[in-house]
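Visitor: Let's see this in three dimensions:
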Amino acid sequence: MERSRRNGRIRRKHSSGSDSDSPSQAPSRKRSRQVPAAEAESESEVTKNDSFESSAPSVQATSRKSRNSGSNMSQRATSFNLTSELSVPNAFDRCGKVISMRLTNFMCHSNLLVEFGPNINFLVGNNGSGKSAVITALALGLTSSARATSRASSIQKLIKNGETSATISITLSNSGLRPFKADIFGPHLTVVRHLRQSSSAYDLLDARGKSVSKKVAEIRRMLLCFGINVENPIFVLNQEAAREFLKDLEPASNYKLLMKATQLDICASSLMQCHEQRRHFSQNLDQLEKKKELVEKDVEAEAEKLSILKDKEVVKVKLQQSQTKLAWLAVTRVQTELQNLEHSIGLIEAKKAKLEGQTSKKESTQAVLTQKLKDFQVTKSEIMEAYKAQDLKMKAAKRSVQDIAVKTASLKAQIGNAERRLREEQHAYNACKKHIGSYHANFTRVKEQREEHTRTMEALKLQVAESEALIARLREEQQEIKRNTNSVHESLEAVKNERIQLQKSKQNMQWEIDSLSRNKSNKLSVYGEQAIQVVCALRTQYSGANMHRMPRGPLGQYISAPNSKYRDLVENQLMSCLRSYIVGSDRERQSLRALLQNKFSGGMVPTIITSAFTDQVYNVSRHKVRPTTPNTTVLIDEISCDDPVVMNYLIDNFRIETVLVTESKEIAEFLTSDTENVPPNLTRVLVPNLGLEYIPSPNYAVYSNRINPARFIHVNVDDRIRQLQMEQGGLQEREAALEIDYMHKKKMLESTNLEVAKRSHLIGQQQSKNQMAMQKKIELENFDYQELPEYDRLKKTLSESGEKIEKCNEEIEELKQKIIEINENKIKLETAEANEKIALEEILGKVSSLETEARDIDGQIRSLDLHYEENTRNLQKTLELERKMLDKKRNVEEELEKVRGEAEQLGEFVATTQTEEHIRDSISRYKSKIKQVEQLNYKIEEVENELGALRDNLGHQVRQLEMVQSVIKKLRVAYHQRAQLFQRSRHHYFTMVQFQFEQALALRRFHVSFETSDREKTWKINVFPPSGNETSNTRSLSGGERSFTTVSLLKGLWSTSDHPFYFLDEYDVFTDEVNRKFITEILISEGLECKTRQYCFLTPQDTEVEASSLITVHKLEAPER
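Guide: Here you go, the predicted structure:
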């Protein structure tokens, strides 16, 4: 099947109407076939059987790719059980993998079906072929928003121009460890999103295509069950995000990406919410405590009011008691003051007597004290002589006691050793005696067990060897049959798909031949009979003076290529608009739309373009690129168009005046690779003979494009019919051969499947027998036999142990006798030591007493000399103070008699611990209460009811307060635990990503350093290529090195988060061929290591990757606009 690729680029919006269609997104049909009316009507709805066959164009996987799926889903029987008969390909063994995706009227696709492989997928297509639409549809179909895809601000803008609705249908695997409601949905499920101009709706289908739920919440529960998050850029990296990510690795962006990739940003947000919630509860707690205090005060006031109402006399008694307490408190205060005065007077009198004695007897007292001091010195010398002699005696007695203690410890240690040896020998003696008693019976029993077990193990070894040999032979046979089965299955699927394509191609060819045969004389026949009818109707409608207002179309009839060698190039460049129509106003647009919908009923309606009608072609001389090299021409010069309206549209939409055409690749590279060589106004350079398109610097890029033969411009109808008839005859011959080959391969597949099942049954039986034999063999090998020593050695050991036991007993008795003697001597020595120590302490006591008396006397002597004048002055002051204190005492005694009389009049003495201020407050409060009760007329029932209500409210406030305190405590503990866990997890994830990043960069001997700041939320990456210096950073890297660094970083991020699928768009946009190949190998290696994940890599470049059982290569054709 030929593939057409679109290379046009939209430069500006042309339509002036609010509902005008962009020419780059116009609805179109594949030129290789026509869609029947019945099929076209069904294309607007989501098919309920999720058919893998479709009459619409689809992405075809490379023929070398083999798929492990069963028969086509559209050919399945309608009556089956969800859990047993429905199945998905065996490789889709994980829930959430994308099995297929169908897009209807979405972006540039009219009807696209992509069948993904379970492991590694490469989606290859030129610019404008709709690759990014696939990744946009994936995110949008799985509940993401249009703004999150970076492709549009609303879902309405993603509907194909000229259409009113679009449909996205995504089939996910539901087979794996955690299926989502497997009993309801079966082995796979389909998410359908219908997009309309005013709204969108969801539909969740089971494996049969039956609608189960239309709620978004149910779909999000399914995505949560599968662990799918399409808004995480490391799982689904779209075109805009990939280009921005490759442009510059900013520290803040890196940190944000890593947090989002590991979903730590959600944890941080949750921690912040927990903190805010705790703060909110703390505020509530403060408010509740204040409310509780207010209610408690109200309860106290009401309780006191009730008590006052119940017994008014009680308050009066309390008032009398408080007044009595206050009076006697005054008596107590005066008494205390009098006692303090008497105590102070006594101290003053003692001081006065002391000072009088010191001043009147100075001389005589000093002589007596000096003589006493001399006598003390003589007595102290005599006592010290006796102390030295006594100290020598005590030290000698102490040394004797220590020597005795050392001998005692040594003897006790010898006794302990002897007792230990006795126990050991006694144990050995008893064991030998026991072994001798049961030796003969145990020996015979152990020998018989060993012989029996040896015979059994030999038989088991032989059985296991025979079983393993049989299993190996059966497995080898089974593997050989499976290899043959896979080969037959692959060839059968290939034949089946080829038959389907042949049938479609034959039908399309016949339709085209019939149409061309009926309209040979009309040059518009290449556009179809509907186009001829539309042109005739327009000419009739706009005949006469309105002919100049007649819509132009199809536009291809106005365009020609004078130079035949550029005819194919011109048609491929303008393919998107050749079947379109141009109108001059919205009214004419509506009229033409009605005509087209009438004529093209059941088919794809051509695009309608609104543009101003002029009678002159634009003057593009100022904006036209000038060829600066030989063999180079401008695309506008190779296009001939007599109609100014059509020519102006080509200039506006395709900017053909800025495109150069050359036959030399070297010239194209010279003109685009260096900014200095780029001519003014140049946008592209085309090399038609090589199929290359160059974008000039600074956005230098090279794209490979396929130039298809012209179909509309200068095409001979008879030649086209003959060509189609010859191709149809070849297809018929091929179809007959395929039918025979298909039936033969189908029989071979059935027979090989029976053989595989038979071998599996035999292998299972042998493995079961082998496992039982191995278990028995292991039990026998690990059997614990009783160990038996030699008989003569037992006898000898028994005799030696008996002798050693006797010697130990004798040694122990001898040592015990020595200890008794030593202890008797020790008691005597300790008694003598104690007596000597007592005598020594008595002597020390006498010395200490003498020294104390001597120091006192010496202090008295110095005091007499130093303080005589001061004592005289102090004596005078003391006498004056004594007179004042005696006068004050008389005044206090008079006051005491007065206050005691007043207190006795109020009542008898009442003891209290209250302060005077507190008692006065009580008196004031009691007086106020009595006054209030006398002035106000309260009812006791009302006060009791009010008190009960307040107490209930207080109880409610207390319970609520306790509940909030409990919640705050739990929140505080949970917050600290989660914060610690978050910090550890963040450190772990950062370390793991950095390690994997370093490992990936090391493949090309790159070095990297990291600077992480959690406070500033930055993660700086410094990458040093092998040729770089130590100051290199990501800004100085080349495009290829930056792409390699980015892919290495993504590989590290993938190691931290598991996801069913990973979609990566334009990973090689800035790379040369060497870096692109190396990066592709890294991505394939990652996919082969993680076979439980599904990878899909989108690239505008052609790929040299070979398809295999784990790698699927999709060639995406350019949709007809």
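
Visitor: The closest residue in space to Leu195 that isn't next to it in sequence is in what secondary structure piece?
Guide: Leaving aside its sequence neighbours, Leu195 sits nearest to Ala166 (Cβ to Cβ, 6 or more residues apart in numbering; 4.3 Å). Where C-beta positions appear, they are placed from N, C-alpha and C, glycine not excepted. Taking DSSP states H and E as the criterion, Ala166 maps to strand 165-173.

Visitor: Quick check: neighbours of that strand in the sheet, parallel or antiparallel?
Guide: Applying DSSP bridges, strand 165-173 is found paired with strand 98-106 (antiparallel), strand 188-196 (antiparallel).

Visitor: Burial-wise, tell me which of the ones you listed comes out on top.
Guide: Of these, the one with the most neighbours on average (mean count of other Cβ atoms under 10 Å) is strand 98-106, at a mean of 25.

Visitor: Now do the strands in the stretch 151-300 of the chain.
Guide: Here the stretch 151-300 of the chain has its strands, by DSSP state E, counting those that start in this stretch, at 165-173, 188-196, 200-205, 211-213, 236-237.

Visitor: ok so, going back, dump the strands paired with strand 165-173 into TSV; add mean pLDDT as well.
Guide: Shown next, in TSV, are the strands paired with strand 165-173 (pLDDT from 0 to 100):
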stretch	mean pLDDT
strand 98-106	92
strand 188-196	93
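
Visitor: JSON lines please, covering those and showing distance to His988.
Guide: Converted to JSON lines, these look like this (distance: least, Cβ to Cβ, whole Å):
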{"stretch": "strand 98-106", "distance to His988": "30"}
{"stretch": "strand 188-196", "distance to His988": "34"}
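
Visitor: Ile500: which of the ones you listed is closest?
Guide: When the strands paired with strand 165-173 are compared by Cβ to Cβ, strand 98-106 sits nearest Ile500, at 16.2 Å.

Visitor: Give me the distance between the closest one and the centre of its chain.
Guide: 29 Å (Cα atoms, centre = their mean, to the nearest Å).

Visitor: For the protein, name the helix or strand with the lowest mean pLDDT.
Guide: Least confident helix or strand, the chain: helix 37-42 with a mean of 35, by mean pLDDT, DSSP states H and E.

Visitor: which residues of the stretch 751-900 of the chain score low on pLDDT?
Guide: The model of the stretch 751-900 of the chain has pLDDT under 70 over residues 784-794, 863-869.

Visitor: Can you verify my assumption that Ala839 contacts Ala389?
Guide: No - the criterion here is Cβ atoms under 8 Å, and Ala839 misses it with Ala389 at 10.0 Å.

Visitor: Neighbour count for these two, which is higher?
Guide: The neighbour count for Ala839 versus Ala389, taken as other Cβ atoms under 10 Å, is higher for Ala839 (16 against 10).

Visitor: which one is that one nearest to, not counting chain neighbours?
Guide: Gln390 (5.4 Å).

Visitor: Against Glu836, how distant is that neighbour?
Guide: For Gln390, the distance to Glu836 (Cβ to Cβ, to the nearest Å) stands at 7 Å.

Visitor: next one: Leu875
Guide: For Leu875, the distance to Glu836 - Cβ to Cβ - is 53 Å.

Visitor: If you count neighbours, what's buried in stretch 759-766?
Guide: Neighbour-count burial for stretch 759-766 flags 759, 763, 766 (criterion: 16 or more other Cβ atoms under 10 Å).

Visitor: what's next to it, contact-wise?
Guide: Applying Cβ atoms under 8 Å, 6 or more residues apart in numbering, the contact partners of stretch 759-766 are 467, 470-471, 474-475, 477-478, 481.

Visitor: Stretch 678-687 too?
Guide: Contacts for stretch 678-687 (Cβ under 8 Å, 6+ apart): 9, 11, 569, 573, 623-628, 635, 655, 657-665, 668, 671-672, 692-697.

Visitor: quick one on the thing from earlier: among the strands of the stretch 151-300 of the chain, which is nearest His1114?
Guide: strand 165-173 (15.9 Å).

Visitor: chain center to the closest one, what's the gap?
Guide: That offset, for strand 165-173, works out to 27 Å (Cα atoms, centre = their mean).

Visitor: For it, what does the pLDDT average out to?
Guide: Strand 165-173 carries an average pLDDT of 94.

Visitor: what about dumping the CA coordinates of it to CSV?
Guide: C-alpha atoms of strand 165-173 as CSV (Å, rounded to 0.1, in the frame of the first residue of the first chain):
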residue,chain,number,x,y,z
SER,A,165,-18.1,16.4,16.6
ALA,A,166,-15.1,14.1,17.2
THR,A,167,-14.6,10.8,19.0
ILE,A,168,-11.6,9.3,20.8
SER,A,169,-11.7,5.6,21.6
ILE,A,170,-8.9,4.0,23.7
THR,A,171,-8.8,0.3,24.5
LEU,A,172,-6.8,-0.6,27.6
SER,A,173,-5.8,-4.0,28.9
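
Visitor: tilt between that strand and strand 200-205?
Guide: Put simply, strand 165-173 runs at 30 degrees to strand 200-205, going by axes from the mean of the first three to the mean of the last three Cα atoms, to 10 degrees.

Visitor: Which positions in strand 165-173 come out as buried?
Guide: Going by neighbour count (16+ other Cβ under 10 Å), the buried part of strand 165-173 is 165-173.

Visitor: Thr136 reaches Lys157, doesn't it?
Guide: No - with contact defined as Cβ under 8 Å, Thr136 and Lys157 do not form a contacting pair (11.2 Å).

Visitor: Quick check on the two: which one has the bigger neighbour count.
Guide: Neighbour comparison, Thr136 and Lys157: the larger count goes to Thr136, with 27 against 11 (by other Cβ under 10 Å).

Visitor: what about that one, helix or strand, and which?
Guide: helix 131-141.

Visitor: At the geometric centre of this structure, which residue sits there?
Guide: Central residue of the chain (Cα atoms, centre = their mean): Gln263, 3.0 Å from the mean position.

Visitor: OK, contacts around that residue?
Guide: Gln263 neighbours (Cβ under 8 Å, 6+ apart): 229, 232, 1057.

Visitor: Which pLDDT value goes with it?
Guide: Listed pLDDT for Gln263 reads 76.

Visitor: so how far is His1059 from it?
Guide: For Gln263, the distance to His1059 (Cβ to Cβ) stands at 11 Å.

Visitor: Please enumerate the shared neighbours of these two.
Guide: Common contacts of Gln263 and His1059 (Cβ under 8 Å, 6+ apart): 229, 232.

Visitor: Show me what the biggest helix by length in the chain is packed against.
Guide: Identified as the longest helix of the chain according to DSSP state H is helix 439-518. Under the contact definition 3 or more Cβ pairs under 8 Å, 6 or more residues apart in numbering; DSSP states H and E, helix 439-518 sits against helix 717-781.

Visitor: try 10 Å
Guide: For helix 439-518, the packing partners by 3 or more Cβ pairs under 10 Å, 6 or more residues apart in numbering; DSSP states H and E come out as strand 60-61, helix 529-541, helix 717-781, helix 791-866.

Visitor: and of these, who's closest to Val98?
Guide: Nearest of the helices and strands packed on helix 439-518 to Val98, taken as Cβ to Cβ: strand 60-61 at 14.2 Å.

Visitor: any idea of the angle the strand holding Ala166 forms with helix 131-141?
Guide: Relative orientation of strand 165-173 versus helix 131-141 (the same axes, to 10 degrees): 80 degrees.

Visitor: hmm, back to that, just put the buried residues of strand 165-173 in TSV and tack on distance to Lys210.
Guide: Formatted as TSV, the buried residues of strand 165-173 follow (distance: Cβ to Cβ, whole Å):
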residue	distance to Lys210
Ser165	22
Ala166	23
Thr167	17
Ile168	19
Ser169	14
Ile170	17
Thr171	14
Leu172	16
Ser173	18
